[in-house]
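Chemist: Kindly generate the corresponding structure for this input.
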Amino acid sequence: MIYVSKADERHRINQGKFIIRLISPGLKLNIPGDRGLGPLGRVDHSTIEPGGLIPMHPHQNDEILSYMRGGTMLHRDSHGLSEALHGTHMMMMNAGSGLFHEEGVAETDEQRVDMLQMFFRPREDNLEPSIQFRTFPSLHSLNKWRLIGGPENSEAPLKIRSEAFVYDAHLSDATLETPELNNLTSFLYVFDGSVVLAGKDIVLNRGDAALIKDERVMVSARGAADLVLFIVDETAKYSRSGAYSG
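Modeler: The predicted structure follows:
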């Protein structure tokens, strides 16, 4: 079963140089009081213009993966860490019992930041806070799925303290099948470009998404397309105490 949500359905938050397009992965399931998808609470497709700053602010009981596609974002946090994040250098914040951070783009930068912030629901409250950084060997994974983040017992480069996986792929006039779900649920997001779900008469453009249950799907790109795929266990234990993920 496939549930499609379109980019023009997104709630848009305009804070001047910082714009958020809010993605609610479970919205089409019409579960009262919950727009998330099991351990995946929400996803923000954000852009930050040069000179933009999101001042120091708190997180608690959120697992936050910063997935960069364009520009460089400057990160600073209450652990004393300062890091420049970009397309091959990403971050996972395991907020746990609490941490603070800020993010911005230098006034002198010529490119705006284009990114996803993924808010996962942790397996339990008040875990030890930590921050992970990982440098990937290339910006894109051409015509194949690349594992970005996953549970602590997985081989994922960035560890999510929840039963959720994140993959990406860059398609170039190619077709790629979604992974075997094994009774899990997937959520496909088109970061850029356009794709067709083969045999389904479904076209997805930038900002569109498809929630896919109980089946594998062939995804074909019209030209170039950047995809992000979430696979989650809706039956897993998770907390909804996070201010952003809950």
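Chemist: Sheet-wise, list the partners of the lengthiest strand in the chain with their directions.
Modeler: The strand that spans the most residues within the chain, counting by DSSP state E, is strand 218-232. Under the criterion DSSP bridges, strand 218-232 sits next to strand 164-172 (antiparallel), strand 175-177 (antiparallel), strand 185-197 (antiparallel) in its sheet.
Chemist: CA atoms only: put the last one into PDB for me.
Modeler: Output for strand 185-197, consisting of C-alpha atoms alone and laid out as PDB, is shown next (Å, rounded to 0.1, in the frame of the first residue of the first chain):
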ATOM      1  CA  THR A 185       7.500   0.400   6.900                       C
ATOM      2  CA  SER A 186       9.300   2.800   4.500                       C
ATOM      3  CA  PHE A 187       9.000   6.500   3.700                       C
ATOM      4  CA  LEU A 188      10.500   7.800   0.500                       C
ATOM      5  CA  TYR A 189      11.400  11.500   0.200                       C
ATOM      6  CA  VAL A 190      12.400  13.200  -3.100                       C
ATOM      7  CA  PHE A 191      15.000  15.700  -2.000                       C
ATOM      8  CA  ASP A 192      15.500  16.900  -5.600                       C
ATOM      9  CA  GLY A 193      14.600  15.900  -9.100                       C
ATOM     10  CA  SER A 194      11.700  13.800 -10.300                       C
ATOM     11  CA  VAL A 195      11.000  10.000 -10.100                       C
ATOM     12  CA  VAL A 196       8.300   7.600 -11.200                       C
ATOM     13  CA  LEU A 197       7.100   4.600  -9.100                       C
END
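Chemist: okay, the next helix or strand after that strand in CSV with CA atoms only?
Modeler: Going down the chain from strand 185-197, the next helix or strand is strand 202-205, by DSSP states H and E. Written as CSV, here are the backbone C-alpha positions of strand 202-205 (Å, rounded to 0.1, in the frame of the first residue of the first chain):
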residue,chain,number,x,y,z
ILE,A,202,2.8,7.8,-9.5
VAL,A,203,5.2,10.7,-10.2
LEU,A,204,7.1,12.3,-7.3
ASN,A,205,8.9,15.6,-7.6
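Chemist: who does strand 202-205 touch, helix- and strand-wise?
Modeler: When contacts are defined as 3 or more Cβ pairs under 8 Å, 6 or more residues apart in numbering; DSSP states H and E, strand 202-205 sits against strand 2-5, strand 185-197. The way it works is simple: take the backbone N, C-alpha and C, and place the C-beta from them, glycine included.
Chemist: Indicate which one of those strands is closest to G87.
Modeler: Of all the helices and strands packed on strand 202-205, strand 185-197 sits nearest to G87, with 11.5 Å by Cβ to Cβ.
Chemist: how far out from the middle of the chain is that closest one?
Modeler: Chain-centre distance of strand 185-197: 12 Å, with Cα atoms, centre = their mean, to the nearest Å.
Chemist: Also stretch 79-91?
Modeler: Distance of stretch 79-91 from the chain centroid (Cα atoms, centre = their mean) equals 16 Å.
Chemist: do stretch 47-67 as well
Modeler: Its chain's C-alpha centre and that of stretch 47-67 lie 13 Å apart, by Cα atoms, centre = their mean.
Chemist: Now it - C-alpha only, PDB.
Modeler: Taking C-alpha atoms only, stretch 47-67 is exported to PDB below (Å, rounded to 0.1, in the frame of the first residue of the first chain):
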ATOM      1  CA  THR A  47      17.200  26.300   3.800                       C
ATOM      2  CA  ILE A  48      19.400  28.800   5.500                       C
ATOM      3  CA  GLU A  49      20.700  31.900   3.600                       C
ATOM      4  CA  PRO A  50      24.200  33.300   4.200                       C
ATOM      5  CA  GLY A  51      24.100  35.300   7.400                       C
ATOM      6  CA  GLY A  52      21.300  33.300   8.900                       C
ATOM      7  CA  LEU A  53      21.500  32.100  12.500                       C
ATOM      8  CA  ILE A  54      19.400  29.900  14.700                       C
ATOM      9  CA  PRO A  55      20.500  30.900  18.200                       C
ATOM     10  CA  MET A  56      21.400  28.500  21.000                       C
ATOM     11  CA  HIS A  57      18.300  26.400  21.900                       C
ATOM     12  CA  PRO A  58      17.700  23.200  23.800                       C
ATOM     13  CA  HIS A  59      16.800  19.600  22.800                       C
ATOM     14  CA  GLN A  60      15.700  16.800  25.000                       C
ATOM     15  CA  ASN A  61      14.700  13.200  24.100                       C
ATOM     16  CA  ASP A  62      15.200  13.900  20.400                       C
ATOM     17  CA  GLU A  63      17.500  12.000  18.100                       C
ATOM     18  CA  ILE A  64      18.400  14.500  15.300                       C
ATOM     19  CA  LEU A  65      20.300  13.700  12.100                       C
ATOM     20  CA  SER A  66      21.500  16.600  10.100                       C
ATOM     21  CA  TYR A  67      21.700  15.600   6.400                       C
END
